[in-house]
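Asks: pasting the sequence and the predicted coordinates here, then a few questions.
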Amino acid sequence: MFVASIGSGQDMSRRVRQRVEENGLVSPSCCPVIGDEDLAPKAQHYVDWTSLSYDTVLLLFTRLNYRDRASLASTCRTWRNLGASSCLWSSLDLRPHKFDLSMASSLAARCVNLHKVRFRGLDSADAIVNLRARNLKEISGDYCRKITDATLSMIAARHEALESLQLGPDFCERITSDAVKVIAFCCPKLRKLRLSGMRDVNSEAIESLAKHCPQLSDVGFLDCLNINEEALGKVVSLRYLSVAGTISMNWRVAAESWEKLPRLTALDASRTSVDHVAVSRLFKSSQSLRVVCALNCPLLEHDVNFKGKLLIAKFDDNSKMQKDIFSHWRDLISNDETMRWIEWIISHSLLRMAESNSQALNNFWLNHGAKLLLRLMESSQEDVQERAATGLATFIVVDDENASIDCGRAEAVMRDGGIRLLLKLAKSWREGLQSEAAKAIANLSVNANVAKAVAEEGGIDVLAGLAKSMNRLVAEEAAGGLWNLSVGEEHKNEIAKAGGVNALVKLIFRWPNGCDGVLERAAGALANLAADDKCSTEVARAGGVHALVMLARNCKYEGAQEQAARALANLAAHGDSNNNNAAVGQEAGALEALVQLTKSPHEGVQQEAAGALWNLSFDDKNRESIAAFGGVEALVALAKSCSDASTGLQERAAGALWGLSVSEANSIAIGQEGGIPPLIALAGSEAEDVHETAAGALWNLAFNPGNALRIVAEGGVTALVHLCSSSVSKMARFMAALALAYMFDGRMDEYAMIGTSSESASKSVSLAGARIKALKHIESFVTTFMEPQVFAAAALSSALSMLAQVSEKVRIPEAGHLRCSGSEIGRFVTMLRNPSPILKACAAFALVQFTIPGGRHAMHHASLMQNAGEARILRSAAAAANMPREAKIFAKIVLRNLEHHHQAECSKGKKSVIL
């Protein structure tokens, strides 16, 4: 007997968190250039790319990322030389790449005139010195938690021309004042120094900067534990100072020391304990200070107003924020450099505030914060744009683990035009912007209204294009966006039409190892898409089965394993409409890998693997192969271990055993392996899905008399009786009743009598008591479907209308998904001759459920009965004097159903005879 497949899951395990059209050149032989004047047919003209001026080619190179530059440079010797031009290698963004010593050595020849580099992580930091870029002026790094004094000192020592060094926004916890002293000594041309998360910046380090870096004008010691305020007052070259997030500031000393700085123009004291006294003193005493930024400073209780000065602290509904606060500030300040600094420090503080996830800031985000971030995304500074997009992606998140966002904040972004702006950034040729914009779109799309807006604005095409990117970070965030959008049924086909399925499958093949985020997101999106019948076919056609099985077999990251298993489960859930179920089973290593995943230490992986095996077990060959790969043992062990697990895992473990138990050999193996006790325990679960599935498994197992006896011995009668009488699920009650009917139709009694006479006697007494209890509750179950007036009328009339009325009253719609074998149908027919009137009624009731027109497998069951000549027995039962009234009525309904299916077959041109 087959059981209904598990639902095609829509759940996500999203981590709250586009490449432009693929750049490339068409060969000269196939690229006609058609101008506006070409209105009539004429001879085709082909452009000779080699005839372009060098300036034009160089301009083309500048619009490409490094990877595409390399591809273009490989076309001919001339372009190879142009591709190596120093003007193209003045800036490098190494963040998406695995930048190590070997890569640095291969790039070194091109980096003689390198001026700016952006990197990510310790390994990249260690490799920077191998670029041998002695003229490097700007270094910016993130994910710097592991960077040490030794690494930073080496970077400083090798780059004496350095003018700007920025590390953050994550904390540089291992960097100390010693490294700052080395920077000061080795980089005398330093103009900008911004470091985040240092534990202590002492007076010696700051005084070294004052002594050796006379041009240092921009200093940021952000989110530090301790800073020497007095020493900062000695850096007389300072124009811009940020101490945002620093905990232990003495603002009396700070105001006293910094008011004397002759050039200090702007101060950032956001997220500190600064108060109105310190701000007032600085504004009053400093001749040069024009701007103080003090966002999220709880002690700054009221505004401090000085003519010609700007305090950025609080916003109210009457402020000019409602128009454009940045334009207002620009008019006050009239200095582009200061405005660029303001944009940078505000973007940094807003990101930190977003990361804190404080509900106390909710009104700020709804009324002002979202607008600020959107405005910052229009900045001319790429790093400000990126940080603003990251802030948008972050401030809407309520619970990262459970993929929960603040719908009010998300819709505020949408109302203020944020979707269109993010999509514009996502279309940028700058990959850093693509990545952060895609991340924000992905997180926002958790909200169904925003997801709809993203789709309407063409976001699906944009994300599908970015998923093809060779930049791992871009592809990862784009895949995350498609994952969230694919939750909506209305978006699935749009994603497929946009080429999203092919792009996602190719991501798995492109980065099969070491790129966990890409793999999890791609597999998660494919899992959602595979839940749709049409899209599941597209996934299989694109090579998705092979890709997902490869992940399940080889990937060690539990997130990717879980989503790969979920995708395979959803692919296998469409057995009636396509051949994906069989295709998954035939893929080399698929079933073995899923069996192994049920042994994972991670519950999510176990759950999805068991779910996949459940769905795959609907195919006869798969069912036997799963058993051959140790599936029975693995799933029994899983059922035994999941008593305290989630209901999802319990349901799938029981469901997979249910599916395997369709085979008699597997059913016997499950019983011998000890699978019955855990299933009885799961049948006692309060969760409807769990006890319903466990009841289905026990029903299948009870068909075998040896298993039936085990169920009795393990206390299963009590559990099934309880289900039969008290479950809110009609299906659970129905299957529990059928399991009890199998157990007490006489076959188990014969099996139990085998053994010594004393054993047989005790078993007989034990079974007799259990039989009485079981039959009592089977009778009560069938009776609950019998309305006295309707059945009384049906007993007096065999009119089709009256039988139809009874059929509708007793119908259990979900039972139409159950598929029985010929032997099972035959057993119920045989049960019509059982001495027990209760079992006769129960058997007839079951046959009604299996043959009611409209049931998924009703035609199959009718065919089995017709071919076996069961109509004769049914007619005999309907007319028998010793047959209970309800059994007679049910037998007549079954005969009517068989006739209906016979006529349906005839209408299709088939011939059949009811015997």
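Replies: Okay, I see it.
Asks: quick one, strands of this protein?
Replies: Listed from the start of the chain, the chain has strands (DSSP state E) covering 91-93, 116-120, 138-142, 164-167, 192-196, 200-201, 218-222, 226-227, 240-242, 266-268, 291-293, 310-312, 397-399, 404-405.
Asks: so residue 564 makes contact with residue 555?
Replies: Yes. The pair formed by residue 564 and residue 555 meets the contact definition of CB atoms under 8 Å, at 7.0 Å. Heads up, the C-betas are built off the backbone N, CA and C, glycines and all.
Asks: overlap of the contact sets of the two?
Replies: Between them, residue 564 and residue 555 share the neighbouring residues residue 519, with contact defined by CB atoms under 8 Å, 6 or more residues apart in numbering.
Asks: of the two, who's got more company?
Replies: Taking other CB atoms under 10 Å, residue 564 and residue 555 do not tie; residue 564 has more neighbours (34 against 22).
Asks: give me the neighbour count for the residue nearest to that one when sequence neighbours are not counted.
Replies: In space, not counting the residues next to it along the chain, residue 564 is nearest to residue 551; the distance is 3.9 Å by CB to CB, 6 or more residues apart in numbering. Residues lying near residue 551 (other CB under 10 Å) number 25.
Asks: of the strands of the chain, flag the one that's most buried.
Replies: Comparing the strands of the chain by mean neighbour count (mean count of other CB atoms under 10 Å), strand 266-268 comes out on top with a mean of 27.
Asks: give me the residues contacting that one.
Replies: When contacts are defined by CB under 8 Å, 6+ apart, strand 266-268 is touched by residues 220, 239-244, 258, 282, 289-293, 338, 341-342, 345, 349.
Asks: go again using 6 Å as the cut-off
Replies: Among residues not part of strand 266-268, those counted as contacts by CB atoms under 6 Å, 6 or more residues apart in numbering are 240, 241, 242, 244, 291, 292, 293, 338, 341, 345.
Asks: give me every residue that touches the fourth one.
Replies: Okay, so that is residue 244. For residue 244, the contacting residues are 222, 268, 270, 271, 349, by CB under 6 Å, 6+ apart.
Asks: the second one pairs with what?
Replies: Same thing as residue 268. When bridges are taken as DSSP bridges, the partners of residue 268 come out as residue 242, residue 293.
Asks: for the remainder of this discussion, apply numbering that starts at 42.
Replies: All right, first residue 42 from here; so that's residue 309.
Asks: so what's residue 291 up against?
Replies: If you count contacts by CB under 6 Å, 6+ apart, then residue 291 has residue 270 around it.
Asks: please tell me how far it sits from residue 297.
Replies: Relative to residue 297, residue 291 is positioned 9 Å away (CB to CB, to the nearest Å).
Asks: re the thing from before, the strands of the chain: lowest mean pLDDT?
Replies: Least confident of those, judged by mean pLDDT, is strand 438-440 with a mean of 84.
Asks: so what strands line up beside that strand?
Replies: Using DSSP bridges, the strands paired with strand 438-440 in its sheet are strand 445-446 (antiparallel).
Asks: as CSV, the contacts of residue 285 with distance to residue 419 would be great.
Replies: Formatted as CSV, the entries for those read as follows, by distance: CB to CB, whole Å:
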residue, distance to residue 419
263, 24
309, 21
311, 21
312, 24
390, 18
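Asks: tell me which of those is nearest to residue 843?
Replies: residue 390 (76.9 Å; CB to CB).
Asks: how many neighbours does that closest one have?
Replies: 25.
Asks: tell me the contacts of it?
Replies: 285, 311, 336.
Asks: apply 8 Å and report the result again.
Replies: Contacts for residue 390 were tallied using CB under 8 Å, 6+ apart; they are 285, 286, 309, 311, 312, 334, 336, 337.
Asks: if I look at it, how far off is residue 397?
Replies: Distance of residue 390 to residue 397, given as CB to CB: 11 Å.
Asks: before we move on, what about residue 548?
Replies: 33 Å.
Asks: cool, residue 585 as well?
Replies: Using CB to CB, one gets 40 Å for the distance from residue 585 to residue 397.
Asks: and these two? Which one has more around it.
Replies: Neighbours were tallied for residue 585 and for residue 397 using other CB under 10 Å; the higher tally belongs to residue 585 (29 against 13).
Asks: would you agree that one is in contact with residue 544?
Replies: No. Taking CB under 8 Å as the contact criterion, residue 585 and residue 544 are not neighbours in contact, 11.5 Å apart.
Asks: that's all I had, so thanks and see you.
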